[in-house]
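*Asks:* sharing a sequence plus its predicted fold:
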Amino acid sequence: MNDFITNLQKKPYETKVRILWGVSLTIGIILIVVWLGSLKNMISNTSGQAVVTTNPLPISTKSQILFIKVERVEKTTTALKIYFNINNPTDDILNIPSGDNVTLNSAGANTHPQTLLDRQSQPFAKKILSHTQMFGILVFPATPDTQGTLTFDQMFMEQTPDQKLSQELFLDFARLNQNPQVRN
């Protein structure tokens, strides 16, 4: 290789320019051929049929999916923090209700969360994309009770907004008051 480079350096300037243009033209032709082959495949796949097919789940199946799971509960004298995650295993976008449609029934009273945040203390997302999991925190006023029922109401899928989903979770605060390093 060193002999080839040394030999090339000894050639006159005009010869070096011709070699440069020849190599550039050859590489350009190769790139155009590859691009045209790729374009041909792309055009041949424009039949209007989806390349990736999905089978949408019926609403009866979606209502049986447990989208929401509670990981742990943190009780203080001023607040009750519920750490949860929402997993959307479907091929549709899951719309999450506002805080007004989330209820904690504890000590015989229904309360709504003071805040609904993600784990970075930002407002929680309103839409959970397909095959996505998000983590959040619900902050409720403190309760003396050791149990409660958490209800997420008025959830719906993007493709069927008229069919509302609801999920109700029974919570035992003593069992869910575990080490924050433990998840699921």
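*Replies:* Here it is on my side, so go on. Residues are numbered from 1 along each chain as shown.
*Asks:* K16 should be in a strand, yeah?
*Replies:* No - per DSSP: H, G, I helix; E, B strand; the rest coil, K16 lies outside any strand segment and is helix.
*Asks:* hmm, it is touching K10, no?
*Replies:* No - in this structure, K16 sits apart from K10 without contact. The criterion is Cβ atoms under 8 Å, and the distance is 10.0 Å. To be clear about C-beta, it is placed using only N, CA and C from the backbone, and glycine gets the same treatment.
*Asks:* which one's more surrounded, these two?
*Replies:* Counted by other Cβ atoms under 10 Å, K16 and K10 do not tie: K16 has more neighbours, with 13 against 8.
*Asks:* and the more buried one, what does it touch?
*Replies:* The contact partners of K16, by Cβ atoms under 8 Å, 6 or more residues apart in numbering, come to L8.
*Asks:* stretch 136-156: how far from the chain's middle?
*Replies:* Centroid separation between stretch 136-156 and its chain, computed with Cα atoms, centre = their mean, to the nearest Å, is 23 Å.
*Asks:* how about the helices in the chain?
*Replies:* Shown for the chain, the helices assigned by DSSP state H span residues 2-10, 13-44, 59-62, 173-176.
*Asks:* nearest to L129, of those helices?
*Replies:* Taking Cβ to Cβ as the criterion, L129 comes closest to helix 59-62 out of the helices of the chain, the separation being 15.3 Å.
*Asks:* before we move on, the earlier item: would you turn the helices of the chain into a markdown table with distance to L80 and mean pLDDT?
*Replies:* Output for the helices of the chain, formatted as a markdown table (distance: least, Cβ to Cβ, whole Å; pLDDT from 0 to 100):
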| stretch | distance to L80 | mean pLDDT |
| --- | --- | --- |
| helix 2-10 | 75 | 89 |
| helix 13-44 | 55 | 90 |
| helix 59-62 | 29 | 52 |
| helix 173-176 | 8 | 77 |
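*Asks:* as JSON lines, the ones you listed with distance to Q159 would be great.
*Replies:* Formatted as JSON lines, the entries for the helices of the chain read as follows, by distance: least, Cβ to Cβ, whole Å:
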{"stretch": "helix 2-10", "distance to Q159": "63"}
{"stretch": "helix 13-44", "distance to Q159": "28"}
{"stretch": "helix 59-62", "distance to Q159": "10"}
{"stretch": "helix 173-176", "distance to Q159": "33"}
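*Asks:* relative to V73, which of those is closest?
*Replies:* For V73, the closest of the helices of the chain is helix 173-176, at 4.1 Å, according to Cβ to Cβ.
*Asks:* brilliant, that's me finished.
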